[in-house]
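Sequence first, predicted model second:
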Amino acid sequence: MAKILLNMITQRSIEEGIAMEIGKPSKEYFEACSLVEMNEDDIKALGITPNTNVKVTSESGEVIVKAVVARQTCYRGLCHIRQGVWANQVVPPRTQSTGEPQYSGFPVYIEPAPFERIKSALECVQGAVGLWKEGNE
Amino acid sequence: MSDYIIKNGFVFDPLTGIKGDKKDIGIKDGKIVEASEVKGGKTIDASGKTVMAGGVDIHTHCVGPKVNVGRLMRPEDKLFRSRTKVGNTRVEMGFSVPSTFATGYAYARMGYSFLNEAAMPPLHAPHVHEEIRDTPIVDIAAMPVMGNNWFQLEYLKNRELENNAAYTAWLLNATKGFGIKCVNPGGTEAWGWGMNCTTIHDPVPYFDITPAEIVKGQMETNELLGLPHCLHVHPNNLGNPGNYTTTLDTLKLAEGIKPNNKFGRDVVLHNTHLQFHSYDGTTWADFESGSKKVMDYVNAHDNISFDVGFVTLDETTTMTADGPFEFHLNRLNNLKWANTDVELETAAGIVPYVYDKNIKVCDIQWAIGLELALLAKDHMRCHLTTDHPNAGPFTRYPRVIKWLMSKKARDDLLHSFKWSEKVIAATQLESMDRELSLYEIAQMTRAGPAKCMGISNMYGSLKEGTNANIAIYDINPEKMPKDPELIEKAFSETAYTFKDGVMVVENGVVIATTPKYTVWTDVKVKENAIVERDIHEKFAKYYSVGLENYKVFDEHMHNPRAIEVDATN
Amino acid sequence: MPKVIKNVGCPYCGACCDDVEVTVSDDGKRVLEVKNVCAIGTQIFMHGGDHDGRIKLPRMRQPDGTMKDVSFKEAIDFTAKTLLKAKKPLMYGFGSTNCEGHAAAARVMERAGGCLDNCASICHGSSFLAIFDNGYPSCTLGEVKNRADVIVYWGSNPAHAHPRHMSRYAIFPRGFFTGKGHKSRTVIVIDPRFTDTGRVADYYLQVRQGHDYELFDAFRMVCHGHADDIPDVVANIPKETILEVAEVMKNARFCNFFYGMGLCHSDGRNHNIDIAISLTRDLNEFTKCTIMAMRGHYNITGPGAVWSWQFGFPYCLDLTKKTMVHMNPGETSSVDLAMRDEIDAFINIGTDAGAHFPIPAVQHLKKHPFITIDPSRNMASEISDLHVPVKICGVDDGGIVYRMDNVPIQYRKVVDAPAGVPSDEEFLDAVYERMVELEGEGFI
Amino acid sequence: MSTVTLTAKGTHELYLEAYNVTPDAFAGKTADEIAGLECHEGNRKGKLGEYFDIDGNGGETAADTQIIVKGNCKKIKRIGQQMTAGEIIVESDCDMYTAGWMKGGKVTVKGNVDSFCGIGMAGGEFIVEGNAQNYLGSAYRGDWRGMTGGLIHVKGNAGNDVATFMRGGKIIIDGDAFLHVCTHGEGGTVVIKGNVESRVGGQMVKGDIYVYGQIKYMMPGFKYVDDVEAEAVEGEKLTFAHYIGDLGERHSKRKGEIIYGNIYLKK
């Protein structure tokens, strides 16, 4: 098992769009967005099999998501988390004075975290502002 | 609502022939009445002041999609250049392309009450009506552009005038539009392929029709329907040296066509912003005025009218449905360029432009505008515009009036130019002594445009029974100021503006607002199955929006005021 | 009898499909079936009207952290007072509000003296910055359908973000001069990922992420006669490919660039679009060429239009002076305002800043009063002090929206909202009236 | 020269917009009158006296007025905005638009400045002893007239968008710069003594850029032509590799010769 440095982007996907309209607290949204899409060889380089949980760490935060092989292929070195709650745990808020955060193209470390739990959307957001309690779902 | 008597003002009302007589004007229930009919109303002392009907702007780009792109793309037009709000009005932003609030308030401060938005892309009609709602005080009409519309190109090519008329009536109804506007007829469709039509005989790609056929056909259609306004044309070849020949070719198309309407309109063709179409010379190097050649023709033919499009020597924003022209302009000045081609209908381009008084061409353009107005014999057919914001913002009308009324004012400026000798050589302005009178200014700014648009029963006059839209300027015709700057000042901010009988401006400050109206033309025509079928087919196949969503919904119209036209016979 | 309503606009993406057919229940309260709509749009219609999951009353956060139902009157009063108390409140969102709502919000924030911003701030704001600097040679979508024979999707993925875009407007439809549909068009996709859109392309260029600007420059070099000076590889694309694709663009009859977040969100932001606009302009020397932003929400173009005509700026408005308006993204943009702690109250309307802002920005915003106005529960509502439910524009409220090409589309109401739930406009107008009541005279 | 000393009290909760802290506004005013000048904290219109202790009177004209600003100015915007003459010395960090649209005189900041400083500058001198953030010496949104004259000297680093739409004047950065230097440049000179990430001279029409360190990613539109000796900063004669570009951009001709933008990369 290893830790690798990748270039991360976050974009819209149709799965995310459908799930978002069903509701952000829904199971569909959780399943659509709490994963990181990578090149197959980068997953191998991590020493894990696809569908293993990983920890993604950026300059501004960290998040646990599931590593999957990107169907919309990422070249080696590039990874993608669908836009939304989990991606935004690590997206740097710096805007280059344009108003737009660094959603595309920022360095992240990815390391295997097979035994870590993926937080729910609500836990991620409420947790960040001190409102999270068990049973809030 | 209060009633008023406006006492002792010098009244100028060309539509009733009043030329500066001292006369009292009454306002009752929002209408103009005989002063004696007002009992117990408030008295406004207008002694030593000039009283005119509310101004009528026949050609301005004040609302709609390209105006709004102009606002959006120019934040620098707001930076340190906006008026600081006074009182409890909404904020007023922008210089060359003001916000809707700034537009309404500024026109009201200048004593205007009616605006004709000169180019409404039909597909964007709901947008135009949304902006009309947010433009306070002034009533607005909008003309759908029809010089490059696929339906009409086909009907006119086949000389199916009745079908063209039926479609035109449908389009006016669908867009809640006012009249027929043609911009660079055929040339804008050619721009769909990056091309243009620069003479009236250039064939339009694919459609195989010429601009001449479009203009003539639309003029005939207009008179077949009997619309209040005549055909309103921005001819081909705008802004190019030597283009006065294209202009004359276009104007000649009106020969033999007679007005047919019940609105008191005498003309069949209105050439807008004639200044941009009166250029002589062959290149920018030998560029010179062609105003005399054009005005000789205009003065001799009384079924055509024009507005000037005065260049005001400001930094402004050009915008027109003449898409290829804006691309061309952008290639000259290399500033930012916006363009929108509108499916089946039209296009628009927007480019910021600096009319720099140190540039010879700009100064010649400035002179040409003034020459046209000074050469005109009938100011009922010569209207004051700046083609806002193309040749300058409408807020410069008072400055234009100063130049027209004072030889000293225009000579001082002419002689201050860096290239003044060259400018003088290329124009005739220096030799012209004429100074227009307040009566002629009233013709140019209210009576003439109202008559030409067929709305003189409602606007542009102080006739009893018309809407009480009145401007009172702090200028005494018996003691005209020596300092021309005072003329500009007086026309910039009225002493009082009344709109529908409500005092909306007092001493140059907006103090109230009032319900304002959207003026449109409701034409009844015979049922026409061919046109109905064509409409359904084009919407099903080629438009990107559904027919049922294209027509402006009634709830999206703001205070409609329909002009009824029965063309069923 | 269930009723079928035709020509309905879809309240999902900026493609604003207006051919949706909705079947509603007898009582006009529920949507039973929808036709001509993508998978995402279907979900939205199904959430409109009066159903069990719908929130019908405002919810106010209690000291113990739980939410309690309150009346709309209380919600209006709380919102008005929050705005009046703040020195620099921010109202942000508007991706799913009609234009009437945008106008109402502008009136409220002008009076309150605060900042007003829309989702473009974190989405196509870069496009606005580029338009400010370089213009926008564009067209309506029907022009693309009727004329365009070369379509470039650059940093955009309509297969996922605008599901019916390719079939309605860009690749497949048969237009007037494009009678053969797909066969008459060449499709070029440029994206660091081999997306589902890339799969329908005739040319797919896997650009190195963050280096689009250089690739645009290389294309421009071809237009300016410097093809020979292009380095062997630019942004991972070999010179031969660049030359080949440049020829396709130059030889088009009508070429259109559709670009998306791939340009807006990566390094350089606006400059990636700015240079795309320059390339568009260059190509007009050879052919006809236009460019269009793939705007996200169905009416995110709306606030840009409404606020431009009201104030002259499309987004990031600072109305704090009350006598004039200032705009400068980077300063007056929501995420920057949040990160720099420039503001002291936050209203999230018709969007979900809780889910879509980087989390540190959310943490900063949460230091101050935080209100959400939105039909449904979302991440922002779940951290708010007050959540006000409103009608869903395009489902239980009508109004004008602007499609991605600035074409206004008049949306229809298809079902009734639960009784008592106001539209955005109605709620904001009530807040304005309450502010006037608390302070005195309103605008004339 | 009269000196007015302002000491920030730190009483503002949000950012303070001190657009009247200029020699032009202070000239001819007593300390009391200066205290009455307007400023803004959000939507609250305040007076300078509420936020600063003010000592000393303004000179007769802007040119003979010096302003020294003490205390913590990290959250104060617009100091020196649109000034035409005189001098301002800020002893701490300060925020956005410092020396914005400046026409003359001198501003010295002893700490760091935030973004949009020296924006739209037309003349005068602006010295930053620390770092500057983004859009240093750039143009206001939409304006094609960026910096047209004057000198900006940042002794530390700068962020992205240095000198966008620059048309004249000079910017010297002793440290590094990030992305986009002189984008849309139409004149003027930028000297960066450290390294730059990328996009130097993109869409550049005219102007000169000197880089002493490395450019990580060179624009494809710049082409090496020759080595030259030049003095980018007075007294520092060095040898540079000379590139012309942006070959993807329009260029005008003068006397039959095409005028390009220039990048000089230190050998």
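It's in.

For residue 26, list the residues it contacts.
Reading this off chain A. For residue A:26, the contact set (Cβ atoms under 8 Å, 6 or more residues apart in numbering or on different chains) comprises residue A:19. For the C-beta atoms, the positions are set from N, CA and C on the backbone; glycine is no exception.

wait, chain B
Residue B:26 neighbours (Cβ under 8 Å, 6+ apart): B:3, B:4, B:5, B:6, B:32, B:33, B:34, B:35, B:36, B:37, B:38, B:41.

What of residue C:354?
A:125, C:348, C:362, C:378, C:379, C:380, C:381, C:382, C:383.

can you tell me how far it sits from residue A:59?
Distance of residue C:354 to residue A:59, computed by Cβ to Cβ, to the nearest Å: 21 Å.

Which SSE is immediately downstream of the worst-scoring helix or strand of chain A on mean pLDDT?
The weakest-scoring helix or strand in chain A, judged by mean pLDDT, DSSP states H and E, is helix A:14-22 (a mean of 93). For helix A:14-22, the following helix or strand on the C-terminal side (DSSP states H and E) is helix A:27-33.

and that next one, is it in reach of chain C?
No - figure legend: helix A:27-33 not in contact with chain C (Cβ under 8 Å from any Cβ of the partner chain); closest approach 9.1 Å.

Which elements pack onto that helix?
In terms of contacts (3 or more Cβ pairs under 8 Å, 6 or more residues apart in numbering or on different chains; DSSP states H and E), helix A:27-33 is packed against helix A:14-22, helix A:121-128.

Can you list the strands that the helix or strand following that helix pairs with?
Sequence-wise, the next helix or strand downstream of helix A:27-33 (DSSP H and E) is strand A:35-38. Take DSSP bridges as the rule and strand A:35-38 pairs in its sheet with strand A:61-69 (parallel), strand A:78-81 (antiparallel).

tell me the most buried of these?
strand A:78-81 (a mean of 25; mean count of other Cβ atoms under 10 Å in any protein chain shown).

How about residues contacting that one?
Here strand A:78-81 makes contact (Cβ under 8 Å, 6+ apart) with A:6-11, A:33, A:35-39, A:42, A:56, A:65, A:70, A:72, A:74, A:87, A:90, A:108, A:110, C:192-193, C:209.

Also stretch B:205-214?
B:147, B:150, B:152-154, B:156-157, B:182, B:184-187, B:189-190, B:193, B:195, B:197, B:199-204, B:235-236, B:249-250, B:253, C:177.

Pull out the buried positions in that stretch.
B:207, B:209, B:210, B:211, B:212, B:213, B:214 (16 or more other Cβ atoms under 10 Å in any protein chain shown).

Switch those residues over to CSV; also include secondary structure and pLDDT.
Output for the buried residues of stretch B:205-214, formatted as CSV (DSSP: H, G, I helix; E, B strand; the rest coil; pLDDT from 0 to 100):
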residue, secondary structure, pLDDT
B:207, coil, 97
B:209, coil, 98
B:210, coil, 98
B:211, helix, 98
B:212, helix, 98
B:213, helix, 98
B:214, helix, 98
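
Quick check: of these, which lies closest to residue B:95?
Using Cβ to Cβ, residue B:211 is the member of the buried residues of stretch B:205-214 that sits closest to residue B:95, with 34.4 Å.

From residue D:105, how far out is the closest one?
With distances taken as Cβ to Cβ, residue B:211 is found 58 Å from residue D:105.

Next: residue C:144.
For residue C:144, the distance to residue D:105 - Cβ to Cβ - is 53 Å.

Can you tell me which residues in chain B are near chain D?
Going by Cβ under 8 Å from any Cβ, the residues of chain B near chain D are B:73, B:74, B:75, B:76, B:77, B:79, B:80, B:334, B:335, B:336.

Buried among those? Need that as a selection in ChimeraX.
The following ChimeraX line selects those of the residues of chain B next to chain D that are buried, judged by 16+ other Cβ under 10 Å:
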select /B:73,74,75,76,77,79,335,336
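
shaky segments in chain A?
Residues of chain A meeting the criterion pLDDT under 70: A:1.

At the contact with chain D, which residues of it appear?
Residues of chain A found near chain D (Cβ under 8 Å from any Cβ) are A:96, A:97.

Domains in chain C, by residue range?
Per the record, chain C has its domains at C:3-46, C:59-123+C:298-439, C:125-293, by automatic domain parsing.

I'd like the average pLDDT over the shortest one.
By that I understand domain C:3-46. Per-region confidence: domain C:3-46 scores 94 on mean pLDDT.

and that domain, does that touch chain A?
Yes - Domain C:3-46 lies within reach of chain A by Cβ under 8 Å from any Cβ, at C:12, C:39, C:40, C:43, C:44.
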